[in-house]
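1. pasting a predicted model and its sequence here:
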Amino acid sequence: MRNGRRESGAARHLDEAVFAINAGLASMVLVLGYGPRGIISWLYALNSSIRGSLQLKQTDLAMHGFVFFIFAIAVAVLAWLAAHLLLARKAIQLMSGAMAIDALPLIWCFSYRPWLRGWYLWETILFVEALFLLLCVILYATGRWSVPAWVAIATLLTHFFLWFREFGLFEIAQSVLLHGPLRVSDLLIPIGAPLTCLVAFGSSLIWVLYENRFAQPSNWGPGIGNLGKAGDRNV
């Protein structure tokens, strides 16, 4: 019983952290990429003031790295407080998965608006895939889609393969292989999307594995899924 409570508490803390981190990063991508011009100009002016106060040279990182991280952390803290104080366990479980897996694709759908620009093949594939994955997350988090861990991971890998291409991660990897080491500033261009996508990928894998381990333990197969129960007998 005590192990069950600890696992439930640990799962909630993980969901809250995944939700908060991805909410903070995705919100800054949304604001810097698609927010009102007045707010964007103010953020860049604030960033210049910070850079000037610290007497730092003009670099890609210094261009908007300060405001990106400062406000991302601030939003993450607020999101964590809201999740911790206001949301039920099932709600935060669902929202953390949706935020990590589909926040950036949904931002892209909102910004691209294929219903106005036209339903071209590749953009239509991305649009449909983003909505389909959102449905998968809802079914998975609510226990209505029970699949083995490898199926969930394969689905995630396919999903992020498409979006890594769209958000420039492949170009960054190619640049690192051809021209030298990775710089933090590479992950902030444009508008922090590559960094946000990379963090989303890592946290999505953690979320799926943890949810599969505790929420759907039988999907891990004989022996592995019953580790928690074996531990309970030893208490």
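-> That came through, no problem. None of the values given here were measured: they were computed from a predicted structure.
2. got the phi and psi for G192?
-> Main-chain torsions, G192, degrees, to the nearest 10: phi 80, psi 10.
3. count of residues packed around it?
-> G192 has 24 neighbours, counted by other C-beta atoms under 10 Å. Every C-beta, even on glycine, is put in place using the N, C-alpha and C of the backbone.
4. which stretches of this protein have low pLDDT?
-> 1-8, 55-64, 214-235 (pLDDT under 70).
5. let's see 50
-> Within the chain, the segments meeting pLDDT under 50 span 1-4, 62, 217-235.
6. which residues does Y120 contact?
-> By C-beta atoms under 8 Å, 6 or more residues apart in numbering, the contact list for Y120 reads P114.
7. what about L177, how many neighbours?
-> 8.
8. hmm, I typed the wrong one, I wanted L106.
-> 19.
9. how far away is it from V176?
-> In this view, L106 and V176 are 28 Å apart by C-beta to C-beta, to the nearest Å.
10. which positions in stretch 77-95 come out as buried?
-> Within stretch 77-95, the residues that count as buried by 16 or more other C-beta atoms under 10 Å are A79, W80, A82, A83, L87, I92, Q93, L94, M95.
11. endpoint to endpoint, that stretch covers what distance?
-> 16 Å (C-alpha to C-alpha, to the nearest Å).
12. contacts for stretch 12-32 next, please.
-> 39-40, 43, 64, 68, 71-77, 79-80, 83-84, 89, 92-93, 95-97, 99-100, 103-104, 107, 191-193, 195-196, 199-200, 203, 206-207, 210.
13. buried subset of those residues?
-> 40, 43, 64, 68, 71-72, 75-76, 79-80, 83, 92-93, 95-97, 99-100, 103-104, 107, 191-193, 195-196, 199-200, 203, 207, 210.
14. quick check, nearest of the buried residues of stretch 77-95 to W145?
-> Taking C-beta to C-beta as the measure, W145 sits nearest to L94 out of the buried residues of stretch 77-95, at 12.4 Å.
15. so which bits of the host helix or strand of V128 are buried?
-> Taking DSSP states H and E as the criterion, V128 maps to helix 121-141. For helix 121-141, burial by neighbour count (16+ other C-beta under 10 Å) applies to E123, L126, F127, E129, A130, L133, L134, C136, V137, Y140, A141.
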